[in-house]
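Asks: Task: produce atomic coordinates for the following.
(one chain, ligands or ions: 1)
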Amino acid sequence: MDKQILRIPEGTKDIFGLNIKKKREVEKKLIESFEEYGFDEVSLPSFEFFDVFSDERGTTPSKDMFKFVDREGETLVLRPDMTPQVARCVAKYYAEETNPIKICYLGNTFVNNSGFRGKLKESTQIGAELFNASCAKDDALMIEMMIKALLDAGAKKLQVEIGMASFYKALVKEACLDEEESAKLKELISNKNLFAVESLLSNKAIPEGLKDLFLQLSKVFGNFSKVAALMNKTDNIEALKAFERLESLHSELEAKGLEKYITYDLGMLSNFDYYTGIIFRAYTEGSGEPIAAGGRYDSLLSQFGKESPAIGVAVYVDSLLSALEKNEQEEAKNNSDYLIVALAKGRLANQTMEMFKKIGIECEEIFDKTTRKLIFVNEEKKMKFFLAKASDVPTYVEYGAADLGVVGLDTILEEGRQLYEVMDLNLGKCRMCVAGPESARELLQHGELIRVATKYPNIAKDYFVNVKHQTVELIKLNGSVELAPIVSLAQVIVDIVETGSTLRENGLKVLEEICNLSARMVVNQVSLKLKADKINELIDNMREVLREQQ
Ligand code: PRP
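Replies: The predicted model follows:
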């Protein structure tokens, strides 16, 4: 028999035995928690007309949706998210209702995300949406309910982070940034990429105070008083209004005795454009990504013809389940007590360890060439180090297998992972370039269809397609890329140039520069919240070393 018939698509899974029992148990607990707060369950179709999730209403780019056409020629999509769908349902069945409407749901969502990233394409969400409710009290109620539901489902070391979408929107308006600049800045602030924020703003005609505030957004987070200090830096009325609202929410949460679960981060900016007020994410030990998220979306319903302020929360059941499972294993290994660092093996790892040595963190064993050990421990500092292939470092950090990593910007750009890029270590400085024989220069100037060989297809594609608007044929190679133009496999290459000697010795030249590169410290997004003290201390100490070196 053909074994092919037994396959299932990437990003899906069969769940059986004890695992499905556990999943159903967690789902039951979550739905019951929501029902205790007066939310009524609705069941909605798995697919809808495409319009329900189109750009301004949806959360998922069109290319990431599973689309198909029905017999009538209408475009349908498997729902990538449930909030717009619930909004559609409320606008339809509760058109005249002005009292609070409380709806909860359980269902699977479908996102056609890129392959081999271990992400599910079909996953389960349990959520609750509260309509016709506009007060800070309502925001606090939703956060309280989420915390109780997650704790009840077994989440440990729960941490909820709260941001304010309207605060950033007010600052962007004041800075008169266009849509593209605003989106880029949002991405950099979200990634806590202080250096890139600084360089993006450096040549913009924005008042210095406002520039500084954007910078602060990417580095200030924690308890309420830390974030409150930022308010002295602006007199933007909209921003101050947004902050006052956050202040009211903080008082409500304090009155409920929930402050131990809460931190604030005004630089936490959602990709979901429909959020108009607070946004929040819940993290727990054992998961490298949020296990629940939500926010206020006061204008989404008007897209469906009803005016209704609203706030919602969704629990990502599969992420919660894998966190609960990993938690048990990690507890057995005591890993939650350690800071785990992934290093790109080779010269960069050695240089990084030299820097760590300057701040009192040592691990001599890592330099021992005779050992085949992969993990090295500094018991006194409670740190674990491991050496990985450079291109795998961002992966270990994104999934939380390592709390932080040190790797070249080339790898970070190529891998495109969800990470906080917190520091430029000024090590391994080089350039990403287009190189080839002098005769190829003309081909680049005239935008001809050319063949490009590279170890970095994503960087090359981004440069040629988005920056140069030139169509190219990309050929992925794994090393000694300089060979490609010599043996006529490609006309040019995109590669790293450090001293330039490899190019020189092979009769090639830098034809265009794409960007400067250096090593960066990257941090897992959950670790930065759950191990905040340890990681912030390390970052501060490393910054001090860098300052002294300058
Ligand atoms: C890198 C890069 C270039 C070379 C540039 O290769 O891909 O080939 O270094 O350095 P230079 O400007 O100082 O000559 P690497 O040594 O990593 O080997 P690989 O090409 O086999 O991957």
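Asks: quick one, what contacts whichever residue of the stretch 251-400 of the chain sits closest to the ligand?
Replies: For the stretch 251-400 of the chain and the ligand, the shortest gap (Cβ to the nearest ligand atom) falls at Gly346, measuring 8.5 Å. The way it works is simple: take the backbone N, C-alpha and C, and place the C-beta from them, glycine included. Neighbour list for Gly346: Ala390 [criterion: Cβ atoms under 8 Å, 6 or more residues apart in numbering].
Asks: So Gly133 versus Phe272, what's the distance?
Replies: No Gly there; residue 133 is Ala. 19 Å (Cβ to Cβ, to the nearest Å).
Asks: oh, I was asking about Phe356
Replies: 38 Å.
Asks: Compare those two and say which one has the larger neighbour count.
Replies: Phe356 (24 against 18; other Cβ atoms under 10 Å).
Asks: so which strand or helix has that one?
Replies: With elements taken from DSSP states H and E, the one containing Phe356 is helix 347-358.
Asks: and what of Ser299?
Replies: Going by DSSP H and E, Ser299 is not in any helix or strand.
Asks: Equivalent analysis for Ile340, please.
Replies: Going by DSSP H and E, Ile340 is in strand 339-344.
Asks: residues in contact with that strand?
Replies: With Cβ under 8 Å, 6+ apart as the test, strand 339-344 has contacts from 349, 352-353, 366, 381-390, 392-393, 396-397, 401-408, 411, 531, 534-535, 538.
Asks: Among the residues you listed, name the ones in strands.
Replies: Met383, Lys384, Phe385, Phe386, Leu387, Ala388, Leu404, Gly405, Val406, Val407, Gly408 (DSSP state E).
Asks: Confirm Gly294 sits in a helix?
Replies: No - using DSSP: H, G, I helix; E, B strand; the rest coil, the assignment for Gly294 is strand, not a helix.
Asks: quick one: contacts for the residue lying closest to it once chain neighbours are set aside?
Replies: Nearest non-adjacent residue to Gly294, counting by Cβ to Cβ, 6 or more residues apart in numbering: Val313, 3.4 Å away. The contact partners of Val313, by Cβ under 8 Å, 6+ apart, come to Gly127, Ala128, Met142, Ile143, Met145, Met146, Phe280, Ala292, Ala293, Gly294.
Asks: hmm, which of these are the buried ones?
Replies: Buried by 16 or more other Cβ atoms under 10 Å: Gly127, Ala128, Met142, Ile143, Met145, Met146, Phe280, Ala292, Ala293, Gly294, out of these.
Asks: The strand holding Ile340 pairs with which strands, and in what direction?
Replies: Using DSSP bridges, the strands paired with strand 339-344 are strand 383-388 (parallel), strand 404-408 (parallel).
Asks: of all these, which lies closest to Ser202?
Replies: strand 404-408 (22.9 Å; Cβ to Cβ).
Asks: At the contact with the ligand, which residues of the stretch 451-550 of the chain appear?
Replies: Gly479, Ser480, Val481, Glu482, Asp495, Ile496, Val497, Glu498, Thr499, Gly500, Ser501, Thr502 (Cβ under 6 Å from any ligand atom).
Asks: Make sure the fifth one is indeed in a strand.
Replies: Yes - counting by three-state DSSP, one finds Asp495 located in a strand.
Asks: isn't it right next to Val481, touching?
Replies: Yes - Asp495 is within contact range of Val481, at 4.8 Å (criterion: Cβ atoms under 8 Å).
Asks: higher neighbour count, those two?
Replies: Set side by side, Asp495 and Val481 show more neighbours around Asp495, with 28 against 23, by other Cβ under 10 Å.
Asks: give me every residue that touches the more buried one.
Replies: Met432, Cys433, Ala435, Thr454, Lys455, Tyr456, Val481, Glu482.
Asks: Show the model's pLDDT score for it.
Replies: As predicted, Asp495 sits at a pLDDT of 97.
Asks: before we move on, what about the one 3 residues further on?
Replies: In the predicted model, Glu498 carries a pLDDT score of 95.
Asks: Surely it touches Cys430?
Replies: Yes - Glu498 is in contact with Cys430 according to Cβ under 8 Å; the separation is 4.1 Å.
Asks: When the two are compared, which one has more neighbours?
Replies: Neighbour count, other Cβ under 10 Å: between Glu498 and Cys430, Cys430 has more, with 17 against 11.
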